[in-house]
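In: Got a sequence here, can you build the structure:
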Amino acid sequence: MKFKTFLLLSSTLLFLAACNDESESSEETTSEDTTTEETSADTTESTDETEISEVGTESISESGDNLLDIENSEAGWVNFAGELKGSPDYKVTPELSYDSSSHYELNIGAYVSYFSNGEFLDTVQTSSGPINQVEAADSIRVSYHNSFEENISLTEQ
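Out: Numbering: from 1, shown residues only. The predicted structure follows:
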């Protein structure tokens, strides 16, 4: 009787151990597939960012009319309530004079915050191209991702 119990218990443990090895093997395969996909996606994103960076660099060097004061930008960003929030991934420019009758264009997506006499009006997420015209505004601040620091520009058209 003891031998049968021992044999049954041993067989069960052997079976469970074998099942566990298969599970780990399939998890490793899935993990390797996921890693390969992530690496492929990272490579694609990196290529896309490089292309964007090259385009951005060309437009800055061609125009030379960048209105943004990148050197005096501070860490953080102006949120949708007009508050300066800390974020190590973003920077925000000092206030820039803004004329609502003029047309301005960003070469890379960013957040544009509009102010009137120092009072917050609105923050708008803007893609590359013309920024919104806000008639009551007399100044703006531009919040941008750190990776765009070398390439971002705002020009008056």
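In: Low-confidence ranges, this protein, go.
Out: Residues of the chain meeting the criterion pLDDT under 70: 1, 7-9, 11, 13-64.
In: need the strands for it, in chain order.
Out: Counting by DSSP state E, residue ranges of the strands within the chain are 74-75, 77-78, 84-85, 90-92, 96-97, 104-106, 110-116, 119-126, 129-130, 139-145, 154-156.
In: export the ones you listed to a markdown table and tack on mean neighbour count and distance to residue 3?
Out: For glycine as for every other residue, the C-beta is placed from the backbone atoms N, C-alpha and C. Supplementary listing: the strands of the chain in a markdown table, determined by neighbours: other CB atoms under 10 Å; distance: least, CB to CB, whole Å:
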| stretch | mean neighbour count | distance to residue 3 |
| --- | --- | --- |
| strand 74-75 | 14 | 73 |
| strand 77-78 | 23 | 73 |
| strand 84-85 | 14 | 71 |
| strand 90-92 | 21 | 71 |
| strand 96-97 | 12 | 88 |
| strand 104-106 | 20 | 81 |
| strand 110-116 | 22 | 75 |
| strand 119-126 | 15 | 74 |
| strand 129-130 | 10 | 81 |
| strand 139-145 | 22 | 70 |
| strand 154-156 | 17 | 85 |
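In: Need the ones you listed in TSV (columns: distance to residue 12).
Out: What follows is the strands of the chain, written out as TSV (distance: least, CB to CB, whole Å):
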stretch	distance to residue 12
strand 74-75	60
strand 77-78	59
strand 84-85	57
strand 90-92	57
strand 96-97	74
strand 104-106	66
strand 110-116	61
strand 119-126	59
strand 129-130	67
strand 139-145	56
strand 154-156	70
